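> Provide a 3D model corresponding to the input given below.
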Amino acid sequence: MSASDQRFDTIIVGGGSAGCVLAARLSANPGHRVLVLEAGRRDARWDIFIHMPAALTYPIGSRFYDWRYQSEPEPFMHNRRIAHGRGKLLGGSSSINGMIFQRGNPLDYEKWGNEPGMAHWDYAHCLPYFKRMETSVYGSDEFRGHNGPLVLERGAANTPLFAAFFAAVHQAGYPLTDDVNGYRQEGFSAFDRNVHNGRRLSAARAYLHPVINRPNLTVHTRAFTTRILFAGKRAIGVEYVIGRGPVQRAYAGDIICCGGAINSPQLLQLSGVGNAAELAKLGIAVVHDLPGVGENLQDHLEVYVQHACTRPVSMYPALLWHNKPWIGFQWLFFRRGPAATNHFEAGGFIRSNEDVDYPNLMFHFLPLAIRYDGTVPKGGHGYQVHVGPMYSDARGSVKITSADPRVHPALRFNYLSTAQDRREWVEAIRCARAILRQPAFDEFNGGEFSPGAEIQTDEQILDWVARDGETAYHPSCSCKMGTDAMAVVDPTTMKVHGLEGLRVVDASVMPYVTNGNIYAPTIMLAEKAADLIMGNTPLPPAKVNFYRHQKANLAAEAVPVSP
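Numbers count the residues shown, from 1 in each chain. Below is the predicted model:
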């Protein structure tokens, strides 16, 4: 087949989390020809930095694994540019993320379902797809799946520091829960992880590799898609280049953008789909004026509250060079030891005040004081909680600044720009401190060194967050589903409004970011979208009772029911 006559039924642009799911599901029909174009490289089996869970600090920030985006100067964060890592290989960000598996709160999907035209995205309609995608030995059959591609493991969380953490949250007045992905999210528990038999289980390993040899499935890596081709209002193909090779074209009746919350709006804009006035200024021929493309961008910001540890019970020795050969040996030959875990083995979700209907803060506890870039504070042993609000009402944007597809778009998140955001950040730090200062930590507590005892007032806390906050790597919502004037994607077909033959399926289509890490919701979304695209009978809704705080129950009962 020559470069000029490549023809498929479906072209998937992006071999990340959603793209891997769609490739597996759509190619299950042997008569349906699928092409996957992934701009990054393959996730080689020998690459320990991908597959070793504890090596997660290496890929983030490395040009070999990470697109290394940066935000524009954030005006409420001392004009800092915030680094945004996104996966640059098969599996996308699921190949470099922290491997934490969180569905979000059921009320997140009730919120989705209450949007016009979104009734079939409520929790009852999403839960069957969460169950279909996973194999879990935790929780009841009512909530958990047992035959899906994603085999989940739960952190052991059985060291002295984890024991102190669970005791401390109880002393601080917060509940424990059996399963944050089941009946009750609110509370603290050991966390599910996409780690299986001591190895990272990315979307590529779970979905794509088991089917990659299907004769009707073609996967190109290092294939950089530069634009979507149109005939009038119908998408008919794409242009792409492999490495430094010539421009190639591929054609299909269905083009699906799976590039994520940054790349999908970027590719649409480069192809003439977006705000017409802004595209015209860049000399881009407008195919369809769709002002919502790149708007509504959301994310989770987080900080680390770090303490020194007075006893040698943290994971700090695993960072010392003289211990690494033995740790590596254990992992390479037995898939066990400190390298076989992501160390984010426990955490929880709470409400920051009594006016909140359901949890708006997320915590991850780590028996080590370390940053995502691998740097550690002086002093050795320590521990930390990662904390941040989950429902910031700040909204940002993704906008191209050049017609050159290799120029990164301008990312504006507007962190800390709203009164709600600032209030919840102060509450988040005070809640984290209340937990870490409980008597359960007395025998370990060597003092808080980040942010430090001198940071006390609301103003000081916000200034510290502005100087120290980092993304939790959850960009989303920049091509939202819906029916309003700023919606980009039809929630019943995943097609781009006003166009034929073009769909978007990834975290960008979320109308609101979910409570927690967004890998699991993205996989669910792609599973459900696969049925919508193929015209399959959707899985029947699962009506289950899930935990609601009393205030949320009263609010639900107050909603009038249509006759």
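
> secondary structure element for D531?
Per DSSP states H and E: D531 is located in helix 519-534.

> now do that helix: distance to the chain's middle.
14 Å (CA atoms, centre = their mean, to the nearest Å).

> okay, buried residues for that helix please.
519-533 (16 or more other CB atoms under 10 Å). C-beta here means a position set from N, CA and C on the backbone, and glycine is covered the same way.

> which one of those is nearest to D122?
K528 (11.8 Å; CB to CB).

> so the closest one sits against F130, correct?
No. The pair K528 and F130 does not pass the contact test of CB atoms under 8 Å, sitting 9.5 Å apart.

> ok, back up a step: pLDDT on the helix holding D531, on average?
What helix 519-534 shows for mean pLDDT is 98.

> same check on stretch 102-122?
Taken as a whole, stretch 102-122 has a mean pLDDT of 97.

> restrict it to CA atoms and write it as PDB.
The C-alpha atoms that make up stretch 102-122 are tabulated as PDB, following Å, rounded to 0.1, in the frame of the first residue of the first chain:
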ATOM      1  CA  GLN A 102      -9.500   6.500  41.200                       C
ATOM      2  CA  ARG A 103     -12.900   6.500  39.600                       C
ATOM      3  CA  GLY A 104     -14.100   9.700  41.100                       C
ATOM      4  CA  ASN A 105     -17.100  10.300  43.300                       C
ATOM      5  CA  PRO A 106     -20.500   8.900  42.000                       C
ATOM      6  CA  LEU A 107     -21.900  12.400  42.400                       C
ATOM      7  CA  ASP A 108     -19.400  13.600  39.800                       C
ATOM      8  CA  TYR A 109     -21.300  11.600  37.200                       C
ATOM      9  CA  GLU A 110     -24.600  12.700  38.500                       C
ATOM     10  CA  LYS A 111     -23.400  16.200  37.800                       C
ATOM     11  CA  TRP A 112     -22.400  15.200  34.300                       C
ATOM     12  CA  GLY A 113     -25.800  13.600  33.800                       C
ATOM     13  CA  ASN A 114     -27.600  16.700  34.900                       C
ATOM     14  CA  GLU A 115     -26.200  18.700  32.000                       C
ATOM     15  CA  PRO A 116     -28.600  19.100  29.000                       C
ATOM     16  CA  GLY A 117     -28.300  16.100  26.700                       C
ATOM     17  CA  MET A 118     -26.100  14.200  29.100                       C
ATOM     18  CA  ALA A 119     -28.600  12.000  30.900                       C
ATOM     19  CA  HIS A 120     -26.900   8.800  29.800                       C
ATOM     20  CA  TRP A 121     -23.600   9.900  31.400                       C
ATOM     21  CA  ASP A 122     -24.900   9.700  35.000                       C
END
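
> and F130, what helix or strand is that in?
Under the assignment here (DSSP H and E), F130 is part of helix 123-133.

> and the angle from that helix to helix 519-534?
Per axes from the mean of the first three to the mean of the last three CA atoms, to 10 degrees, the angle that helix 123-133 makes with helix 519-534 is 100 degrees.

> give me the neighbour count for P73.
12 (other CB atoms under 10 Å).

> that one and E38: what is the separation?
Between P73 and E38 the computed distance is 31 Å (CB to CB, to the nearest Å).

> about what we covered before: so what touches the helix holding F130?
21, 103, 106-110, 112-113, 119, 143-145, 148-150, 181, 520, 523-524, 527-528, 538-544, 546 (CB atoms under 8 Å, 6 or more residues apart in numbering).

> in the protein, which residue is closest to the centre?
Nearest to the mean C-alpha position of the chain, by CA atoms, centre = their mean, lies I518 at 3.1 Å.

> quick one, helices of the stretch 351-500 of the chain?
419-436, 458-468 (DSSP state H, counting those that start in this stretch).

> tell me the most buried of these?
helix 419-436 (a mean of 20; mean count of other CB atoms under 10 Å).

> what about the helices in the stretch 201-350 of the chain?
So, for the stretch 201-350 of the chain - with DSSP H, counting those that start in this stretch - the helices run 203, 260-270, 276-281, 324-334.

> nearest to V465, of those?
Taking CB to CB, helix 260-270 is the member of those nearest to V465, at 22.4 Å.

> what's the angle between that closest one and helix 519-534?
50 degrees.

> who are the packing partners of helix 260-270?
strand 223-231, strand 247-257, strand 396-399 (3 or more CB pairs under 8 Å, 6 or more residues apart in numbering; DSSP states H and E).

> let me see the mean pLDDT of the shortest one.
Think strand 396-399. According to the model, strand 396-399 has a mean pLDDT of 98.

> quick revisit: can I get the helices of the stretch 351-500 of the chain in CSV with distance to W46 and mean pLDDT?
Formatted as CSV, the helices of the stretch 351-500 of the chain follow (distance: least, CB to CB, whole Å; pLDDT from 0 to 100):
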stretch, distance to W46, mean pLDDT
helix 419-436, 40, 97
helix 458-468, 36, 97
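
> make a markdown table from those helices and add distance to H84 to it.
Putting the helices of the stretch 351-500 of the chain into a markdown table (distance: least, CB to CB, whole Å) gives the following:
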| stretch | distance to H84 |
| --- | --- |
| helix 419-436 | 18 |
| helix 458-468 | 16 |
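
> Y69 is nearest to which of the ones you listed?
Comparing the helices of the stretch 351-500 of the chain by their distance to Y69 (CB to CB), the top pick is helix 458-468, with 19.6 Å.
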